[in-house]
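> Sequence and predicted structure are below.
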Amino acid sequence: MITVEKGIPYRYSEFFAGFTTLYTDRCAERVAENGAAFFAYLDGVPAGYMFIEKKRGVSGIIHVFTKPELRGRGVMQALVRTAAEECGHSVGTSLSDSHEFFPAAAHVFEKCGYERRNGRYIYRCDSEDMWERWDAYMQKSGKRLCDTLRRQGFETLTLAEAGEDLLRQFRETPYSEYKCEQNHQHLILPGADVDPEVSVMVTLHGRLAAYVFSYMPDRISAIFQTLSSSAALHGSGVILLAITEGLAKVRERGVTRLVFSMEEAGASANAFREKVLSVLVSKRSRIVSFTYFPKEETLR
Amino acid sequence: MSEEFIAKVRENIISHLDIDEDMLAVFSDDTIIFNTGDDRPNLGLDSIDALELVTMIFEVFGYDVPAEDVKKLYSVNAVAEYLSEHGICE
């Protein structure tokens, strides 16, 4: 019989000796501050655990683990079902589809009523010659293309420089206008991770045309979290200007490691990203989200 | 609009955009170059290519295409007609 209990047992590390990692410990610290831990027992024996973090009203499963010798006996299923029942509101998780456990884990989440959502592409850039390669691209064609965009009237400014009118435009524009899967408006709320000094907005004749929001989790890394352009300007290439300015801002800060976390988009937008980001990228992967929505809660 | 002008537009599009031999085999003056967001078959070039096209029009024909008009430039004939409408046909 599987039972699931809330809270971290005091013999936690002893129960899972040999399986915990630095990542596990960090997760445990994070949920101790803001979230919950659940432990599963199979016939009274510690079998697995799950950490759920709550951040700005959103709950996410940040780690779920079953002891290898007890896998295939419903432990993970019991844990993720508990997450769905306990939270009282939507709860989600993200999995890399290149991970060897992905098919089995995806099957469990879907079986427990979690909805598979559009994926995100994660592009990592950390090679030593990253900036040299970007400079070569800019010299070869990027600068010429950015000059065209500026001649067309596109202008850039940081989120910190954006006036109230521009922020109001951003807040009042339905995010479907940007063909985004997710609402980005919470990203600029006070206390959000986004760094206004390195996040860039692009305007055309005073209207918001595109934006790239990023943040720096440490002094050498930048995460480009969101990249969007107005639907009316899709296909114009304006995103190139947003990326170029965003990169210039983080480079000024001495960044040597970049991550682009991008929503899955149409074929043309994906092709664009591949072309531009392939200049920098050393690794790419795809993350798929699974979200459980309680019956009374609508999708958005 | 003369045949020579259309040929000049065609040659510049082929030389400036990322059009490979496979694409050339099916390329005509009415071929839709970019994904226009509908079901019409197209060569699938992306917005960087669209930006290359706008840059080429400025460099070769001396006309700055406004960003809002980029979607009108979806084929050789469409580009030639667009330029002609803006007084450029040589």
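Arrived safely.

> What are the boundaries of the helices in the chain?
Because you didn't say which chain, this covers chain A. Counting by DSSP state H, chain A has helices at residues A:12-15, A:22-34, A:75-87, A:102-111, A:130-137, A:143-151, A:164-172, A:238-252, A:267-277.

> was after chain B, sorry
Counting by DSSP H, residue ranges of the helices within chain B are B:3-16, B:21-25, B:47-56, B:76-85.

> Show me what the last one is in contact with.
Residues external to helix B:76-85 that are found in contact with it (C-beta atoms under 8 Å, 6 or more residues apart in numbering or on different chains): B:1, B:5-6, B:9-10, B:13, B:28-31, B:53, B:57, B:61, B:63, B:65, B:69, B:72-73, B:89. Using the backbone N, CA and C atoms, a C-beta is placed for each residue, glycine as well.

> Put the alpha carbons of it into CSV.
The C-alpha coordinates for helix B:76-85 follow below in CSV (Å, rounded to 0.1, in the frame of the first residue of the first chain):
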residue,chain,number,x,y,z
VAL,B,76,8.6,38.4,-57.4
ASN,B,77,5.5,39.7,-59.1
ALA,B,78,4.2,41.2,-55.8
VAL,B,79,7.6,43.0,-55.2
ALA,B,80,7.6,44.3,-58.8
GLU,B,81,4.0,45.6,-58.5
TYR,B,82,4.7,47.1,-55.1
LEU,B,83,7.7,49.0,-56.4
SER,B,84,5.9,50.1,-59.5
GLU,B,85,3.0,51.5,-57.3
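
> That helix: which residues count as buried?
Within helix B:76-85, the residues scored as buried using 16 or more other C-beta atoms under 10 Å in any protein chain shown are B:76-84.

> Report the mean per-residue pLDDT for stretch A:31-43.
The average pLDDT for stretch A:31-43 rounds to 88.

> Could I have the CA atoms of it written out in PDB?
Coordinates of each C-alpha in stretch A:31-43 appear next as PDB, following Å, rounded to 0.1, in the frame of the first residue of the first chain:
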ATOM      1  CA  VAL A  31      10.100  24.500  -0.600                       C
ATOM      2  CA  ALA A  32      10.900  25.000   3.100                       C
ATOM      3  CA  GLU A  33      10.600  28.700   2.500                       C
ATOM      4  CA  ASN A  34       7.700  28.700   0.100                       C
ATOM      5  CA  GLY A  35       6.100  25.400  -0.800                       C
ATOM      6  CA  ALA A  36       5.600  21.900   0.400                       C
ATOM      7  CA  ALA A  37       7.300  18.500   0.500                       C
ATOM      8  CA  PHE A  38       5.500  15.200   0.200                       C
ATOM      9  CA  PHE A  39       6.900  11.800   1.100                       C
ATOM     10  CA  ALA A  40       5.600   8.500  -0.200                       C
ATOM     11  CA  TYR A  41       5.900   5.200   1.600                       C
ATOM     12  CA  LEU A  42       5.400   1.800   0.000                       C
ATOM     13  CA  ASP A  43       4.200  -0.700   2.700                       C
END
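
> residues making contact with that stretch?
Contacting residues not belonging to stretch A:31-43 are listed as A:1-9, A:12, A:15, A:28, A:46-55, A:59, A:62, A:66, A:70, A:73, A:75, A:78-79, A:82-83, A:86 [C-beta under 8 Å, 6+ apart].

> follow-up on the earlier one: want to throw the helices of chain A into CSV with distance to B:L45 and mean neighbour count?
What follows is the helices of chain A, written out as CSV (distance: least, C-beta to C-beta, whole Å; neighbours: other C-beta atoms under 10 Å in any protein chain shown):
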stretch, distance to B:L45, mean neighbour count
helix A:12-15, 55, 14
helix A:22-34, 42, 14
helix A:75-87, 43, 20
helix A:102-111, 33, 15
helix A:130-137, 18, 16
helix A:143-151, 14, 18
helix A:164-172, 30, 13
helix A:238-252, 15, 22
helix A:267-277, 8, 18
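
> mean pLDDT lowest for which of those?
Of all the helices of chain A, the segment with the smallest mean pLDDT is helix A:12-15, scoring a mean of 70.

> And it, how far out from the chain middle?
Taking the mean of its C-alpha atoms, helix A:12-15 sits 30 Å from the chain's own mean (C-alpha atoms, centre = their mean, to the nearest Å).

> Remind me what that helix packs against, helices and strands.
For helix A:12-15, not one helix or strand is in contact under the criterion 3 or more C-beta pairs under 8 Å, 6 or more residues apart in numbering or on different chains; DSSP states H and E.

> Name the surrounding residues that touch it.
When contacts are taken as C-beta under 8 Å, 6+ apart, the neighbours of helix A:12-15 outside the stretch itself are A:9, A:20, A:28, A:39, A:46, A:49.

> Of the residues you listed, which belong to strands?
A:39, A:46, A:49 (DSSP state E).

> mind listing what the last one touches?
Contacts for A:Y49 were tallied using C-beta under 8 Å, 6+ apart; they are A:12, A:16, A:37-40, A:63-65, A:79.

> List the contacts of the helix or strand bottoming out on mean pLDDT in chain B.
Within chain B, confidence by mean pLDDT, DSSP states H and E is lowest for helix B:21-25 among all helices and strands, at a mean of 82. For helix B:21-25, the external contacting residues (C-beta under 8 Å, 6+ apart) are B:14, B:43.

> okay, that helix in PDB with CA atoms only?
As requested, the backbone C-alpha atoms of helix B:21-25 are provided in PDB (Å, rounded to 0.1, in the frame of the first residue of the first chain):
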ATOM      1  CA  GLU B  21      18.700  24.800 -56.000                       C
ATOM      2  CA  ASP B  22      15.700  22.700 -54.800                       C
ATOM      3  CA  MET B  23      13.700  25.900 -54.400                       C
ATOM      4  CA  LEU B  24      14.800  27.200 -57.700                       C
ATOM      5  CA  ALA B  25      13.400  24.100 -59.400                       C
END
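
> Distance from it to the middle of the chain?
In terms of C-alpha atoms, centre = their mean, the gap separating the centre of helix B:21-25 from the centre of its chain is 16 Å.
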